[in-house]
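Participant: Got a sequence here, can you build the structure:
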Amino acid sequence: MSLQASSLAYYQYLTQFASHWHERCAKDFEFENTIKKMNTNPDNGPIIEIGEANFESEVLRWKQPVLVAFSAAWSRPCQILDSVLEEVAATCARRVKIVKINADNNPDLSLLWNIQSIPTLLYFVDGNLRARICRDGQQGSDSL
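Facilitator: Next comes the predicted model:
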């Protein structure tokens, strides 16, 4: 077998191998872009960050149930919870609104709702607090 023939055979082998991985990478890229598009769709119920100025309108006066996550960017447990909240937002779109509040930037809300540790989740229905889940595992009187 000549050098040119062996090179051609090796090139065909690599091309066949690379083609398989190229298709797989293209599918993964397409899937990631689909997810990104889904997360930016306002009908999908993205997680929004709110503060003291719009807490009443976004939570207390909202018609649907609202899950409020008090967190901070520097907290590793809060960072882990963010990915879980994204899944919940995708699963419960149009049924439950999910909002985040930076506890460091909104100390008055943290005091008002007695936030003693982060992350803390508060669940509101018709403007009333129905459940509380804290990092230490304590829960409020009503369960989710």
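
Participant: low-confidence ranges in the chain?
Facilitator: The model of the chain has pLDDT under 70 over residues 1-8, 10-45, 136-144.

Participant: which residues in it form helices?
Facilitator: All helices of the chain, identified by DSSP state H, fall at 3-40, 55, 76-91, 107-112.

Participant: hang on, isn't Leu81 packed against Ala69?
Facilitator: Yes: using Cβ atoms under 8 Å, Leu81 is in contact with Ala69, at 6.6 Å. The C-beta positions use only the backbone N, C-alpha and C, and glycine is treated the same way.

Participant: who touches both of those two?
Facilitator: Common contacts of Leu81 and Ala69 (Cβ atoms under 8 Å, 6 or more residues apart in numbering): Pro119.

Participant: Of the two, which one has the most company?
Facilitator: Set side by side, Leu81 and Ala69 show more neighbours around Ala69, with 23 against 19, by other Cβ atoms under 10 Å.

Participant: Number of residues surrounding the residue lying closest to that one once chain neighbours are set aside?
Facilitator: Distances taken as Cβ to Cβ, 6 or more residues apart in numbering place Lys100 nearest to Ala69, at 4.8 Å, with adjacent residues excluded. Here the number of neighbours of Lys100 (other Cβ under 10 Å) works out to 19.

Participant: What spatial separation is found between Lys100 and Asn128?
Facilitator: Taking Cβ to Cβ, to the nearest Å as the measure, Lys100 falls 20 Å from Asn128.

Participant: now swap in Ile98 and tell me
Facilitator: Ile98 sits 17 Å away from Asn128, going by Cβ to Cβ.

Participant: And these two? Which one has more around it.
Facilitator: Neighbours were counted for Ile98 and for Asn128 using other Cβ under 10 Å; Ile98 has more, 20 against 9.

Participant: The more buried one bridge partners, please.
Facilitator: When assigned by DSSP bridges, Ile98 has beta-bridge partners Leu67.
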